[in-house]
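>>> here's my sequence, what's the structure:
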Amino acid sequence: MSVSYMTHPLIRHKITLLRKENTSTNEFRKLVEEIAMLMGYEALSDLETQDITVKTPIEESVQPVISGKKLAVVPILRAGLGMVNGILALVPSARVGHIGLYRDPETHEPHEYYCKLPDPIDQRQIVVVDPMLATGGSAIAAVDFIKKHGGQKIKFMSIIAAPEGVDALMKAHPDIQLYVGCLDRELNENAYICPGLGDAGDRIFGTK
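A predicted model of the protein is given here:
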């Protein structure tokens, strides 16, 4: 299994600001984007490159560029949308797909209502983003859908996660790479991450 926990002080600092209940919607949204960009820098460190010849103002030179098909960023709706621009700031040419899931309030099981992925998805490095990894149900379902559509190279990025979610996701999909900003203590009886930061979607979009 490949799980990476972020230790960079800037990431940890910004996650602390996210947790504060008096952080405004505007600030929360900006922090999520900044954290996604910092985590993306780490998660994309193994992108393959190829050499091309470029002409500088001085001379011709052989230099590396990202090779192969473009990156695909796939947010889990709706909270995952808050992380997309952070990745696009690093790789503006990336394609963006969407997976719509909602969690049953009683059973906490995920249900799909939308799935649209860039084509051909099988040739792309896919980065699935969702600010919170709680039970792991939505994450597992999202990766299931991507694999059914032919996706193979999958990374998953989450700002905070519960141990239960990490264990469930990696047990279901041990072949993916998981990047976690901070591993929290546990889930409570309502399947909320503790200490957590509340509902990421509501805080990003200013809804209740």
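>>> hey, which helix or strand in the chain has the poorest pLDDT?
strand 110-116 (a mean of 81; mean pLDDT, DSSP states H and E).
>>> partner strands of that strand, with direction?
Neighbouring strands of strand 110-116 in its sheet, by DSSP bridges, are strand 98-103 (antiparallel).
>>> quick one: contacts of the strand it pairs with?
Residues outside strand 98-103 that contact it (CB atoms under 8 Å, 6 or more residues apart in numbering) are 74-78, 109-117, 128, 137-138, 141-142, 145-146. Heads up, the C-betas are built off the backbone N, CA and C, glycines and all.
>>> just the buried ones from those residues?
Neighbour-count burial (16 or more other CB atoms under 10 Å) applied to those gives 74-78, 110, 115, 117, 128, 137-138, 141-142, 145-146.
>>> those: which two are farthest apart?
Farthest pair in the buried ones among the contacts of strand 98-103 (CB to CB) is Leu117 and Gly137. Separation: 19.9 Å.
>>> show me the contacts for Ile58.
By CB under 8 Å, 6+ apart, Ile58 lies in contact with nothing.
>>> where's it, which helix or strand?
Using DSSP states H and E, Ile58 sits within no helix or strand.
>>> may I have the phi/psi pair for it?
Main-chain dihedrals, Ile58, degrees, to the nearest 10: phi -100, psi -50.
>>> for it, give me the pLDDT.
Ile58 is assigned a predicted lDDT (pLDDT) of 96.
>>> mind giving me the packing neighbours of the top strand by length along the chain?
Longest strand in the chain, counting residues (DSSP state E): strand 153-161. Packing contacts for strand 153-161, counted by 3 or more CB pairs under 8 Å, 6 or more residues apart in numbering; DSSP states H and E, involve helix 9-19, helix 25-43, strand 125-129, strand 132-133, helix 137-148, strand 177-183.
>>> low-scoring stretches of the protein, by residue?
Residue ranges of the chain with pLDDT under 70: 1, 68-69, 108, 208.
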